[in-house]
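Asker: Next one to model:
(chains A and B)
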Amino acid sequence: MTIVLKAVRMQGALHGLRESRDADHLIVHSDRSLFAIVWAALQNTPEGVAITLGPKGPGKLVAEDVAVDDAWLIEPKGQRVLIPREGEFESIDPWGQTEPQKTKVAGLSLGTFAAAIDAGGQHVLLVVDRDINPDESTYAIALADMANGRLILEKTIHSGSDLELLWDATSATWVIGDTSRGAVWRWDGVKPAIKVAAPSSHIRAATFAATTEGVIVSALADRPTGEAVLMTGHADRDRIAWTEPVPLAGPPVLQARRHPAQAVWACLTQQGAIQGIQIRDAGGKVLAEAALRPGAHLDKLLWSVSAPTRLWGFGTRVLAAATLSA
Amino acid sequence: MAEVGRNTTNTVAKAPITFAMIELADSADCNTRKSQWLSYGFKDVTPMFGKQSSVPSLNGGMVAKGRDMLTQMKDVSADWYMVSGHHGAIYGTDYGLFTTNGAPDGTRVVNEEQYCGFFNEAYHESYWEHATRTDHDPAKLPGVPANAIYVRTTDAAPESIAAFDQDNPLFDATSWAPAPKGIILSACNTLVYRSARRAWCTYFPNAVIIGPGARIASGTWVANAIAGAAMTNEAFWRDPQSILDQPGMCAELEKQLAQNFPRKKGIALIYKSTLYLADGRSMPADSPITPK
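Answerer: This next block holds a predicted model:
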């Protein structure tokens, strides 16, 4: 397996990205705007050139006044961008074919930090924040019912770690994953959420993937000896079935994310000043790797939802695409 | 070599930039910042943990090592520090000391509370939740008070109020060292409490100090806001004073930080004893804060 890695510098601060239609079309959140971009138009950008999106560069403006705490997403059926606003969702066709729409949701306030939508597009799960006392806030969970405009606040889930959200179609439940501890909650939107505790190991980063085999948790942990390991587990209804931890030799791995259809993990590594991307198998063996050029810094890896050989990476000033080939 | 006091700015051009980190809660914010600083070739000089790829949280099984690290950090001289964890009044029950018409008064709390600090989860679950200034015997507290770590950000409370170690290795350094270029305070309300602002300015009058002016759900809000600000490139981290000494640059940095921070909340900065707030106000850092 080989990796063809291309990283493009961005002038604005890149806060997020999602695919729209296919692996060549992206919606990116840069500074306070959303832009629709075509990767093919960016991938030949010369080294050292920073892309400015919008009227002065590539990218079609989709939405303005989108803050870091506006957890936008792509609606799966119509591929429209959904942006939570105060009291409503704004729905925009990123490619401009149909008019914007608004859906009122009573009680929806400013400040959403992650979002996921169910397969039917009728419910949106949101990470919100909740003030506990004058010196403490935590993340919490709310569910927006787009059909009747209601917002349901989940009462038991709270966390000081960033949360990842998934819709698990197999069990028709939401999965809420703690990215620092590897803990998982399942919630059907009606009954109390079920918490599945994480292992007691020193987990330092976790990701959650809806795969063809169900929901897989991938957690990076450090053994008392200092050895780094990857722990993976299948999130069942009320437990996580963990596999034997796999040692990760080589440069330190900052993040590991499971492929949606294959038992391989994309790993973001960093050795000194240089970052890299590795593809590892379930035994921890490196199947392919590629280094980023000096100065290119990534924070997150995301597998493409439409192309099994495409991996996206982004940092505050860098957008990267890794294309895998056998 | 002559000894140089902590309040003397480090003026060595292009010297290797160093940083040290204390994490008392979720490590994601420190890990993000560490990764970015390492990508510039900066060096992590955190005692015991600096060579690790990630920053350990000083909770549970890491408490004993963490206490050793905090002691050793008193001898460390770094260009940048990042301190992360829970932060607030020394005890949650302190809110009841500052009331108006019998009800807790948030404005009085942040302007009059004398004792604040960073703390870990064990402190939060024991002392912070259940102790009072007059009743703080660890034998009577739930949780695991033996694992509590509290790092003061104000004057230390007298032993009659808090009979545990309150040392902040940045304040309670045991050796002379060059002053840091800046300090990131990643926790709730780090720049809200007047007494804490006063202490940071007293110990580090020339450092840029960045921290929330509100409660936060996650330290990643701070890490992401700093990363998203256009000014915080490598040149800034190498020599923030040469940038912030220019007219208007502190207000510009504050504006950029605020644009990359959740809107209902606020991130603030202090530079040379002036406090810059997300709502556009600036004032002497020692001033009481009043709602706008």
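
Asker: number of nearby residues for the residue of the stretch 151-300 of chain A found nearest chain B?
Answerer: Distances from the stretch 151-300 of chain A to chain B, computed as CB to the nearest CB, single out residue A:252 as the nearest residue at 3.1 Å. In short, each C-beta sits where N, CA and C put it, glycine included. Residue A:252 has 19 neighbours, counted by other CB atoms under 10 Å in any protein chain shown.

Asker: Residue A:308 versus the residue nearest to it when sequence neighbours are not counted, what's the distance?
Answerer: The shortest distance from residue A:252 to any residue other than its chain neighbours is 3.1 Å, reached at residue B:53 (CB to CB, 6 or more residues apart in numbering or on different chains). For residue B:53, the distance to residue A:308 equals 29 Å [CB to CB, to the nearest Å].

Asker: neighbour count winner among these two?
Answerer: More neighbours surround residue B:53 than the other of residue B:53 and residue A:308, with 21 against 15 (other CB under 10 Å).

Asker: Any idea how many residues pack against residue A:49?
Answerer: Residue A:49: 11 surrounding residues under other CB under 10 Å.

Asker: Show me what the residue nearest to it when sequence neighbours are not counted is bridged to.
Answerer: If you skip the residues right next to it in sequence, residue A:49 has residue A:9 as its closest partner in space, 6.7 Å away by CB to CB, 6+ apart. According to DSSP bridges, the partner residues bridging residue A:9 are residue A:50, residue A:318.

Asker: For residue B:169, which non-adjacent residue is closest in space?
Answerer: The shortest distance from residue B:169 to any residue that is not its chain neighbour, by CB to CB, 6+ apart, is 3.9 Å, and that residue is residue B:73.

Asker: Likewise for residue A:107?
Answerer: Closest residue to residue A:107 apart from its sequence neighbours, by CB to CB, 6+ apart: residue A:151 at 4.0 Å.

Asker: Pretty sure the residue nearest to residue B:169 sits against residue B:20.
Answerer: Yes. Here residue B:73 reaches residue B:20: they are 6.2 Å apart, a contact under CB atoms under 8 Å.

Asker: Common neighbours of the two, please.
Answerer: Overlap of the contact sets of residue B:73 and residue B:20 (by CB atoms under 8 Å, 6 or more residues apart in numbering or on different chains) consists of B:46, B:47.

Asker: All the strands of chain B, in order from the start?
Answerer: Assignment of strands within chain B using DSSP state E yields the ranges B:18-23, B:43-44, B:80-84, B:86-89, B:99-100, B:103-104, B:116-119, B:150-152, B:182-186, B:208-212, B:267-271, B:274-276, B:282-284.

Asker: average pLDDT across stretch B:218-227?
Answerer: Averaging pLDDT along stretch B:218-227 gives 98.

Asker: go on, stretch B:142-158?
Answerer: For stretch B:142-158, mean pLDDT is 98.

Asker: Please put the alpha-carbon coordinates of that stretch into CSV.
Answerer: What follows is the C-alpha trace of stretch B:142-158 in CSV, where atoms were taken according to Å, rounded to 0.1, in the frame of the first residue of the first chain:
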residue,chain,number,x,y,z
PRO,B,142,-15.8,12.3,50.8
GLY,B,143,-13.8,11.3,47.7
VAL,B,144,-10.1,10.9,47.8
PRO,B,145,-8.7,14.1,49.4
ALA,B,146,-5.3,12.4,49.7
ASN,B,147,-5.0,12.7,45.9
ALA,B,148,-6.0,16.3,45.8
ILE,B,149,-3.7,18.8,44.1
TYR,B,150,-4.3,22.6,44.4
VAL,B,151,-2.1,25.2,42.7
ARG,B,152,-2.8,28.7,44.0
THR,B,153,-3.3,31.6,41.6
THR,B,154,-3.7,34.2,44.3
ASP,B,155,-2.0,34.7,47.7
ALA,B,156,-1.9,31.5,49.6
ALA,B,157,-4.8,31.0,52.1
PRO,B,158,-3.6,30.9,55.7
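
Asker: low pLDDT regions in the stretch 101-250 of chain B?
Answerer: For the stretch 101-250 of chain B, residues meeting the criterion pLDDT under 70 lie at B:176.

Asker: one more time with 80, if that's ok
Answerer: Within the stretch 101-250 of chain B, the stretches with pLDDT under 80 are B:174-177.

Asker: Please apply the same query to the stretch 101-250 of chain A.
Answerer: A:197-201.

Asker: run the last query once more with 70
Answerer: If you take pLDDT under 70 as the line, the stretch 101-250 of chain A has these spans: A:200.

Asker: pretty sure residue B:209 contacts residue B:202?
Answerer: No. With the criterion set as CB under 8 Å, residue B:209 and residue B:202 do not qualify as a contacting pair; they are 11.6 Å apart.

Asker: Same drill for those two, tell me which one is more crowded.
Answerer: Set residue B:209 next to residue B:202 and count neighbours by other CB under 10 Å: residue B:209 wins out with 24 against 14.

Asker: Do you have the helices of the chain handy? List them.
Answerer: Went with chain A since none was named. In order along the chain, chain A carries the following helices (DSSP state H): A:39-42.

Asker: let's do chain B instead
Answerer: Along chain B, the stretches classed as helices by DSSP H are B:28-39, B:63-73, B:106-112, B:121-123, B:129-130, B:194-203, B:220-228, B:234-238, B:240-244, B:249-259.
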